[in-house]
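**Q** sequence and predicted model, in that order:
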Amino acid sequence: MIAESFELHEPTSLQEALHLAHDFPGKFRYLAGGTDILPGLFRGLGSAPHLISLEGVPELRAFDPEHGVVGASTWLSTLERDPILAARFPALAQAAHNVASPSIRNSATLGGNLLLDTRCIFYNQSQFWRESNGYCLKFQGTECQVVPKGAKCYAVYSGDLAPALLALGAVVEIAGPRRRRQVPLGTLFPASGDGREPYRLGPEEILVSIGLPHSNLGSAYAKLRARGMPDFPEAAASVALHATDQRLDYFRIALSGVGSRPVVLDELTEPYLGHPLPEADISKISQEVRRWVHPVANTHLLSDYRQHATSHLVRTQLERLWNAAKESTSGSPSPPSSSPGAPSKKSSRPPRISGFGKR
Amino acid sequence: MRFRVNGLDYDLNPEADRLLVDLLREGFGLTGTKRGCEDGSCGACTVLVEGEPRHACLTLARRVSGKEITTIEGVSPGRLSHLQRSLVDSGGLQCGFCAPGMILTAVALLRRGKPTRDEIREAISGNFCRCTGYAKIIEAIERAAEEGPTP
């Protein structure tokens, strides 16, 4: 059923995987859980004569929720079931739990979900369907079917984990042929916001792990989807915050499923740092969220509804998280726990990570 | 490569692009594993790999070599398990296309202990049934859970 045959490579180390990638420039794809790449290959969405499976690479299997380090090959089912992770990084556990269906989560990985291809109702179709329809800007065609005069592709970034990880201030470790680097997760998602470029990584680079520097944030994730279970988000929001003496000292909102890249709304949230979050502000923020959300008609639900839902998802999380944060710190002037990288009281910027990658 | 299917070992060398669902159906003649949506939505191809439900249509055969694979044929050979009996008795079985995947998902769930109704709904949420409306299936799994952990 796979349109084009391929060779499967099963390296057992990161070096071997990188060497294999180097041997087949432009002709390979890395394969993690395969739950999105394989259906794509069945439908002729691109070709990959060489699939390099990362399953046997032990470096990608790190799992240390105590210190906020999760390897890219970690199954989503591990993320949703681990009690330490759920206690320290609730948004990540909730996001993992909300991906697809339980059996998919037994194969799908953190790295695969982060580096998910963008989706569109005119793209995720069979070869026959797309050919009959004249193809589209994302693949094989010259015109966008959603915004016909549009110069960019509007395919939607639909990863569930990205908004949670962005809200939590995650850093990613990336291995390339010559060096390893650590960057804030947000830098992987290009500002162009073009659906043809779902993420920005060097051709041979491999996502090794993520690091979560703040273990004491209140955080949550919620999504809108067409059915109760197996669907990608039609809109998704994650909120992470922390308050000391009833004043916010960490506050982030990130969205997914409403544009071609996940977005972090620091511009919206930063003015609230150092202040409490009364009901009036919660209303104002959830209203203003709409200014960053302009979905087009390329998923199953109406774009207006998706925009409205985003605002609602933010509002409900803000109410719940602020109430919890307010109570947990009332009468307790002590700064956040002394875990490495805990949010600094003074800085409005998420602090730099420490310790990550030095295990 | 060694494959362990329903408790028996086989030495095989499937092509790199051979899917587990095809290996099972065409290579082993185990046609209880169904090919449905081919994109991971419907769950008709569900098998157990090391006791956990996986989609055989999204799994390259080579990647499960050496692992314990259970298909519907291996659940209760030659007779109905009490879960299967319960599905029949409750009216949780109509056309039968979803049944193998549904049963294997329920087997994995029941092995973990007695589930709540919400846990049953959650567990089978990736297994589509277009006949029953699910109510009878959920009842059947609840009833089987009463009878013990090994369905």
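**A** On my side now, so go ahead. Numbers count the residues shown, from 1 in each chain, chains lettered A, B, ... in the order given.

**Q** at the contact with chain B, which residues of the stretch 101-250 of chain A appear?
**A** Applying CB under 8 Å from any CB of the partner chain, one finds that the stretch 101-250 of chain A approaches chain B through A:101-104, A:106-107, A:228-230. No exception for glycine: its C-beta is placed from N, CA and C like everyone else's.

**Q** interface residues of chain B facing chain A?
**A** By CB under 8 Å from any CB, the residues of chain B that approach chain A are B:15-17, B:19, B:22, B:38-41, B:43, B:46, B:49, B:52-55, B:58-60, B:62-63, B:105, B:122-123, B:125-127.

**Q** quick one: buried ones out of those residues?
**A** B:16-17, B:19, B:22, B:38-41, B:43, B:46, B:49, B:52-55, B:58-60, B:62-63, B:105, B:122-123, B:125-127 (16 or more other CB atoms under 10 Å in any protein chain shown).

**Q** circling back to that earlier point, just the residues of the stretch 101-250 of chain A next to chain B now: which is nearest A:L116?
**A** A:I104 (12.5 Å; CB to CB).

**Q** quick one: the closest one from A:V57, how far?
**A** According to CB to CB, to the nearest Å, A:I104 stands 21 Å off from A:V57.

**Q** please apply the same query to B:T71.
**A** For B:T71, the distance to A:V57 equals 29 Å [CB to CB].

**Q** for the host helix or strand of A:I104, C-alpha coordinates in CSV please.
**A** Using DSSP states H and E, the element containing A:I104 is helix A:102-105. Output of helix A:102-105 as CSV, limited to C-alpha atoms (Å, rounded to 0.1, in the frame of the first residue of the first chain):
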residue,chain,number,x,y,z
PRO,A,102,-4.5,5.6,23.5
SER,A,103,-3.1,3.0,21.1
ILE,A,104,-1.5,5.7,18.9
ARG,A,105,0.1,7.1,22.1
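
**Q** check chain A for the residue nearest chain B and tell me.
**A** Distances between chain A and chain B by CB to the nearest CB are smallest at A:S101, namely 2.5 Å.

**Q** neighbours of that residue, how many?
**A** 27 (other CB atoms under 10 Å in any protein chain shown).

**Q** contact partners for it?
**A** Counting by CB atoms under 8 Å, 6 or more residues apart in numbering or on different chains, A:S101 touches A:229-230, B:40-41, B:43, B:125-127.

**Q** excluding sequence neighbours, find me the nearest residue to it.
**A** B:G126 (2.5 Å; CB to CB, 6 or more residues apart in numbering or on different chains).

**Q** so B:L83 sits against B:L110, correct?
**A** Yes. Counting by CB atoms under 8 Å, B:L83 touches B:L110, with 6.9 Å between them.

**Q** how is the residue most central in space within chain B assigned, secondary-structure-wise?
**A** Chain B has B:L104 as the residue nearest its centroid, 2.8 Å off, counting by CA atoms, centre = their mean. Three-state call for B:L104 (DSSP: H, G, I helix; E, B strand; the rest coil): helix.

**Q** picking up where we left off before, any idea which of the contacts of A:S101 is closest to A:I206?
**A** Comparing the contacts of A:S101 against A:I206 with CB to CB places B:G40 closest, at 23.6 Å.

**Q** state the pLDDT value of that closest one.
**A** On pLDDT, B:G40 comes in at 92.

**Q** could you do the one 5 residues further on as well?
**A** Looking at B:C45, its pLDDT stands at 98.

**Q** quick one: residues contacting it.
**A** Going by CB under 8 Å, 6+ apart, the list of residues near B:C45 reads B:21, B:33-36, B:55-58, B:101.

**Q** got it, and B:S125?
**A** B:S125 sits in contact with A:101-102, A:228-230, where contact means CB under 8 Å, 6+ apart.

**Q** does A:A86 touch A:A96 like I think?
**A** No. Counting by CB under 8 Å, A:A86 does not reach A:A96; the two are 9.5 Å apart.

**Q** can you pull out the helices in chain B?
**A** B:20-22, B:82-90, B:99-111, B:117-123, B:135-146 (DSSP state H).

**Q** for chain A, what's its nearest residue on chain B.
**A** For chain B, CB to the nearest CB, closest residue to chain A: B:G126, 2.5 Å.

**Q** buried stuff in stretch A:147-161?
**A** So for stretch A:147-161, counting by 16+ other CB under 10 Å, buried means A:153-161.

**Q** among those, which are in helices?
**A** A:L161.

**Q** export the buried residues of stretch A:147-161 to JSON lines and tack on distance to A:N113 and pLDDT?
**A** Below are those laid out as JSON lines (distance: CB to CB, whole Å; pLDDT from 0 to 100):
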{"residue": "A:C153", "distance to A:N113": "21", "pLDDT": "96"}
{"residue": "A:Y154", "distance to A:N113": "21", "pLDDT": "97"}
{"residue": "A:A155", "distance to A:N113": "16", "pLDDT": "97"}
{"residue": "A:V156", "distance to A:N113": "14", "pLDDT": "97"}
{"residue": "A:Y157", "distance to A:N113": "11", "pLDDT": "97"}
{"residue": "A:S158", "distance to A:N113": "9", "pLDDT": "97"}
{"residue": "A:G159", "distance to A:N113": "5", "pLDDT": "98"}
{"residue": "A:D160", "distance to A:N113": "6", "pLDDT": "98"}
{"residue": "A:L161", "distance to A:N113": "5", "pLDDT": "98"}
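
**Q** can you give me the strands for the chain?
**A** As the question left the chain open, I've gone with chain A. Remark: strands assigned in chain A by DSSP state E are A:7-9, A:28-31, A:50-53, A:63-64, A:69-71, A:171-175, A:180-184, A:206-211, A:218-224, A:235-244, A:247-256, A:263-264.

**Q** my bad, chain B
**A** If DSSP E is used as the criterion, the strands of chain B fall at B:2-5, B:8-11, B:46-49, B:52-55, B:68-70.

**Q** nearest to A:E234 among the ones you listed would be which one?
**A** A:E234 lies closest to strand B:52-55 among the strands of chain B, at 22.6 Å (CB to CB).

**Q** contact partners of that closest one?
**A** With CB under 8 Å, 6+ apart as the test, strand B:52-55 has contacts from A:35, A:77, A:102-104, A:106-107, B:20, B:40, B:43, B:45-48, B:64, B:101, B:104-105, B:108, B:126.

**Q** tell me how many other residues surround the spatially closest residue to A:V263 that is not a sequence neighbour.
**A** The spatially closest residue to A:V263, leaving aside those adjacent along the chain, is A:L255, at 5.1 Å (CB to CB, 6+ apart). Using other CB under 10 Å, A:L255 is surrounded by 27 other residues.

**Q** show me what contacts A:L255?
**A** Shown in contact with A:L255 (CB under 8 Å, 6+ apart): A:163, A:235-238, A:262-263, A:265, A:289, A:292-293, A:310.
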